[in-house]
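Trainee: Sequence below, structure please.
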Amino acid sequence: MIKNEKNGIIYYTFKNLARGMVRHAFSTRIGGVSRGCFVSMNLSPNTGDDPATVQENYRLFCDAAGFNAENIVMANQHHTTNIQKVDGLGVLENVDGLMTNRPGIMLVTYYADCVPLMFCDPVRGVIANSHAGWRGTAHNMAGKTVERMTAEYGCNPRDILVGIGPSISRKNFEVGPEVAEDFKVLLPFSARFVYNSESTVNKFHVDLWEINRQNLEAAGILPQNIEVAGMCTYDDGDLFYSHRRDGMARGGMAAFIQL
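Mentor: Residues are numbered from 1 along each chain as shown. Next comes the predicted model:
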């Protein structure tokens, strides 16, 4: 990923999506006006921060990244694999994926360990932005987004560029046997990416980055068109919020993409 900084605000962009000629960014916790446990660039609307402060953070971030804050469409996420075709502005309920072919519309999803998935088809002029927690990953949110882009807009998966954003790494994503078993049942191949914990009995580590990559390749995305950030939200507390590390006493990052 490429580190960007403007007006004291740090954010990251993908090298491959820049080739797709789209505006996009993944925020960090640096450069906003939130205080306390939310300090400082909290972009999550559901953490208990003052809504006016969150709105100001969006304004500051959009100014720095070159976006129009008035053109945002946001998903009110619930760990589903619901993907909505977007033709206008607003907040969409019970949706974890957004896609559009309308220039100017800014698709936004938000995070604090879950996996951001950003898509661009530069041939058809289509973008998508999907939120994949462990449930979304296990239920193949990545592949389902590609399928919806293909069905709704006639995209060829071989043309689609994908960025897998900053999120919790394998070494920090420890789960119990029930979650490990869910992965193995829902995605049999994922057994290769579920590892016994070296330090805790009856615990497992899951590689969400690699499982999402495999889901994308199975959906027809070319390996060279997938960029993995490789940045762990749990490890870097100065740069990122983390639900697993901090619980609910924290803010959240956001992923932005626009034609």
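Trainee: So what's the gap between the helix or strand containing Gly136 and the chain middle?
Mentor: Under DSSP states H and E, the secondary-structure element containing Gly136 is helix 134-138. Relative to its parent chain, helix 134-138 has a centroid offset of 12 Å by Cα atoms, centre = their mean, to the nearest Å.
Trainee: Which residues does that helix contact?
Mentor: Applying Cβ atoms under 8 Å, 6 or more residues apart in numbering, the set of residues contacting helix 134-138 from outside is 79-81, 96, 114-115, 130, 173, 175, 179, 182-183, 186-187, 190, 206, 208, 211-212, 215. Just so you know, the C-beta spots here come from the backbone N, C-alpha and C atoms, and that holds for glycine as well.
Trainee: Can you say which of those residues are buried?
Mentor: When the contacts of helix 134-138 are checked for burial by 16 or more other Cβ atoms under 10 Å, the buried set is 80-81, 96, 114-115, 130, 173, 175, 179, 182-183, 187, 190, 206, 208, 211-212, 215.
Trainee: re earlier: beyond the helix holding Gly136, next helix or strand please.
Mentor: With DSSP H and E setting the assignment, the helix or strand that follows helix 134-138 is helix 141-153.
Trainee: Give me the mean pLDDT for the helix or strand that comes right after that next one.
Mentor: Sequence-wise, the next helix or strand downstream of helix 141-153 (DSSP H and E) is strand 161-164. Over the span of strand 161-164, the pLDDT mean works out to 98.
Trainee: Report all helices and strands that strand 161-164 contacts.
Mentor: The helices and strands touching strand 161-164, judged by 3 or more Cβ pairs under 8 Å, 6 or more residues apart in numbering; DSSP states H and E, are helix 15-19, strand 115-121, helix 208-218, strand 226-228.
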